[in-house]
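Chemist: sequence unknown, structure follows:
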């Protein structure tokens with residue numbers, strides 16, 4: 001990767017990296033070529049930061065070698081400020097946007113007698129699909145689940161579904177290209193995310209823009225977007241009964257899916273979470289950095 005970045009950066013003005021380890025490598029190249037570097041961090045870059053010497057060391061080097069470090073959520077930015085106060089002015093928050101196609105989707109119908117849940121994400125332990133499947137066992141057959149994604153846990157999750165007798169209520173969709181996500185969301189009533197840790201999940205913002213109710217783990221990056229009971233529902237991801245209780249609210253109040261989805265979409269509009277807005281902020285940052293290095 002070091003040689004690839006060197007080869008491709010000689011005729012550029014700025015190097016922009018994504019994820020901390022890429023930011024470290026690009027930072028080294030930036031010093032060699034005397035070019036400014038910007039790195040955008042994701043949730044996995046800062047999760048468990050206080051207890052991981054390796055992560056702290058990598059991020060410290062990234063901050064030293066980069067002109068700017070961008071976080072996708074405010075809690076991530078605050079964590080960097082607290083952990084590396086000397087580099088506070090280097091840390092920016094620029095939220096990701098969503099495709100306008102999602103904002104044009106029709107809202108779910110009212111008076112639903114069934115709840116079609118969808119979970120979108122890699123099938124890895126951190127995403128905690130096992131707790132969602134366990135929660136489904138506590139709910140009536142009118143609640144179904146589609147799991148979109150691939151990963152090392154797929155076989156284990158399929159086995160769990162069979163053992164719990166949920167094979168006919170859970171669909172393993174497999175991986176999906178980004179352009180398929182709007183259609184997948186439209187065919188479901190609510191998104192469910194039970195991750196142990198996240199930054200600011202793009203899929204949550206996408207589901208909100210699509211007017212879907214979001215049921216999600218009580219995490220800082222999610223709580224920045226979701227106000228429990230107002231534009232989504234939150235639960236404790238380690239407790240299947242807590243997940244089931246959130247889903248049960250949608251069953252008990254048939255109008256809630258549409259109401260939460262409508263409020264979620266309005267939140268996206270109020271926050272201006274569009275790709276053009278995101279691009280304008282990055283362009284402004286690029287110009288600032290270039291002026292500093294002129």
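Modeler: Structure's in. What do you need? Note that the structure is a prediction, hence the values are computed from the model and not measured. Residues are numbered from 1 along each chain as shown.

Chemist: Can you list the buried residues in the lowest-mean-pLDDT helix or strand in the chain?
Modeler: Ranked by mean pLDDT, DSSP states H and E, the weakest helix or strand in the chain is helix 43-46, scoring a mean of 86. For helix 43-46, the neighbour count (16 or more other C-beta atoms under 10 Å) marks 43, 45-46 as buried. Any C-beta I mention is one placed from the backbone N, CA and C, and that applies to glycine too.

Chemist: neighbouring contacts of it?
Modeler: 19-20, 55, 59, 71-73, 76, 79-80, 126, 197-201, 221 (C-beta atoms under 8 Å, 6 or more residues apart in numbering).

Chemist: what residue is smack in the middle of this structure?
Modeler: For the chain, residue 201 is the residue whose C-alpha lies nearest the centre (C-alpha atoms, centre = their mean; 1.0 Å).

Chemist: In the stretch 51-200 of the chain, what residue spans correspond to strands?
Modeler: Per DSSP state E, counting those that start in this stretch, the stretch 51-200 of the chain carries strands over the ranges 68-71, 91-93, 115-120, 143-148, 170-174, 190-193.

Chemist: Take those and lay them out in TSV including mean neighbour count and distance to residue 10.
Modeler: Below are the strands of the stretch 51-200 of the chain laid out as TSV (neighbours: other C-beta atoms under 10 Å; distance: least, C-beta to C-beta, whole Å):
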stretch	mean neighbour count	distance to residue 10
strand 68-71	25	21
strand 91-93	18	26
strand 115-120	23	38
strand 143-148	21	40
strand 170-174	16	40
strand 190-193	26	41
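
Chemist: quick one: which of those is nearest residue 103?
Modeler: Comparison of the strands of the stretch 51-200 of the chain against residue 103 by C-beta to C-beta identifies strand 190-193 as nearest, at 15.5 Å.

Chemist: I'd like to know which elements the closest one is packed against.
Modeler: strand 115-120, helix 202-209, strand 213-217, helix 240-252, helix 256-271 (3 or more C-beta pairs under 8 Å, 6 or more residues apart in numbering; DSSP states H and E).

Chemist: Neighbouring strands - and their directions - for the first one?
Modeler: Strand 115-120 has these partner strands in its sheet, going by DSSP bridges: strand 143-148 (parallel), strand 190-193 (parallel).
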